[in-house]
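>>> curious how this folds, go ahead:
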Amino acid sequence: MSSARQGPGTASTPRRIEKRAKTMSKRIVLTGGPGGGKTTLIRELAEDPTWRGRFLALPEAIFVAGRVGISTREQRFQRLMVETQRALEDALTRTLERDDPRIVLCHRGTLDPLAYWLDRGWPADAFFAFTKTDRAEHYRRYAAVIHLVTAADGAETYYRRWPETHRPESVEQAVRLDQLLREVWGDNPNYYRLDNTGRDWAAKSREARRLLASVIKGRELGT
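Sure, this is the predicted structure:
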């Protein structure tokens with residue numbers, strides 16, 4: 001079974017995660033291409049008595065932004081996604097008391113739209129100029145970024161798309177988006193990648209929980 005991967009591909013350990021996570025935000029991003037297990041992991045955590053009450057989960061911003069009427073083919077749609085994601089995160093942060101111990105699991109982060117921007121062939125510099133942000137600003141928002149690699153990469157048998165599920169991306173499209181998300185987030189020192197090599201979903205889920213528990217412990221040590 002392969003281990004979680006951090007940064008450019010070195011194995012991560014709970015101790016390193018705890019050290020890196022100190023003094024960081026309580027927000028944790030779950031990212032990855034379509035069909036990586038983000039929704040499933042959040043659902044499983046909510047149903048697990050050992051995790052219930054330890055976290056809050058923000059839904060995907062697409063469920064708000066996608067209903068506004070701006071075409072996903074427009075650059076301004078990705079700016080809307082950034083603003084919507086940031087607004088949801090900030091609203092929840094302002095709602096919580098400072099001593100609230102729960103972490104916030106974000107179903108994608110404010111930098112995920114850059115991957116979709118790049119997928120359309122637009123340059124990264126134009127994204128940051130258009131959204132009036134910079135990469136470091138996005139990185140600072142989160143205690144950690146956990147990348148759940150799409151099942152289309154390494155577990156193709158389990159990848160599902162329309163009409164079986166809501167996602168329209170082909171296997172090739174899902175893999176490309178996943179690679180772009182790695183490019184987008186990979187320089188974050190608190191980035192951890194969980195691929196599908198030698199893992200079934202149960203093993204991938206267990207590793208994700210281990211990473212989450214380590215980040216939480218690191219935050220507690222840092223307070």
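>>> so where's this structure shaky on pLDDT?
1-24, 219-223 (pLDDT under 70).
>>> quick one: the strands in it?
For the chain, the strands defined by DSSP state E occupy 5-6, 10-11, 27-31, 55-58, 103-107, 144-148, 191-194.
>>> ok, which of these comes nearest residue 95?
With C-beta to C-beta as the measure, strand 55-58 is the member of the strands of the chain nearest residue 95 (9.4 Å). Where you see a C-beta, it was placed from the backbone N, CA and C, and this is true even at glycine.
>>> which parts of this structure are helices?
For the chain, the helices defined by DSSP state H cover 14-21, 38-47, 62-65, 75-95, 112-119, 124-131, 135-140, 171-185, 201-222.
>>> give me the buried positions along the longest one.
Under the neighbour-count criterion of 16 or more other C-beta atoms under 10 Å, helix 201-222 has 204-205, 207-209, 211-216, 218-219 buried.
>>> ok, now stretch 78-95?
Quick answer for stretch 78-95 (16+ other C-beta under 10 Å): 78-86, 88-89, 92.
>>> picking that back up, in TSV, list the buried residues of helix 201-222 along with distance to residue 102.
Converted to TSV, the buried residues of helix 201-222 look like this (distance: C-beta to C-beta, whole Å):
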residue	distance to residue 102
204	23
205	20
207	22
208	17
209	16
211	17
212	12
213	14
214	16
215	13
216	9
218	15
219	11
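>>> tell me the one among these nearest to residue 97.
Among those, and counting by C-beta to C-beta, the member closest to residue 97 is residue 219, at 15.3 Å.
>>> between the buried residues of helix 201-222, which sits nearest residue 58?
For those, the nearest to residue 58 is residue 212 (14.8 Å; C-beta to C-beta).
>>> mind checking how far the residue nearest to that closest one when sequence neighbours are not counted is from residue 133?
Nearest non-adjacent residue to residue 212, counting by C-beta to C-beta, 6 or more residues apart in numbering: residue 28, 6.8 Å away. Counting by C-beta to C-beta, to the nearest Å, the gap from residue 28 to residue 133 is 20 Å.
>>> also residue 95?
Plainly put, residue 95 is 23 Å away from residue 133 if you go by C-beta to C-beta.
>>> go on, residue 30?
Counting by C-beta to C-beta - residue 30 and residue 133 are separated by 20 Å.
>>> same thing with residue 194?
Distance from residue 194 to residue 133, by C-beta to C-beta: 27 Å.
>>> for these two, indicate the residue with more neighbours.
Looking at residue 194 and residue 133 with other C-beta atoms under 10 Å, you find the greater number of neighbours at residue 194, namely 24 against 18.
>>> how close does the more buried one get to residue 44?
For residue 194, the distance to residue 44 equals 14 Å [C-beta to C-beta].
>>> so how far is stretch 90-101 from its chain's centroid?
A distance of 20 Å separates the centroid of the chain from that of stretch 90-101, by C-alpha atoms, centre = their mean, to the nearest Å.
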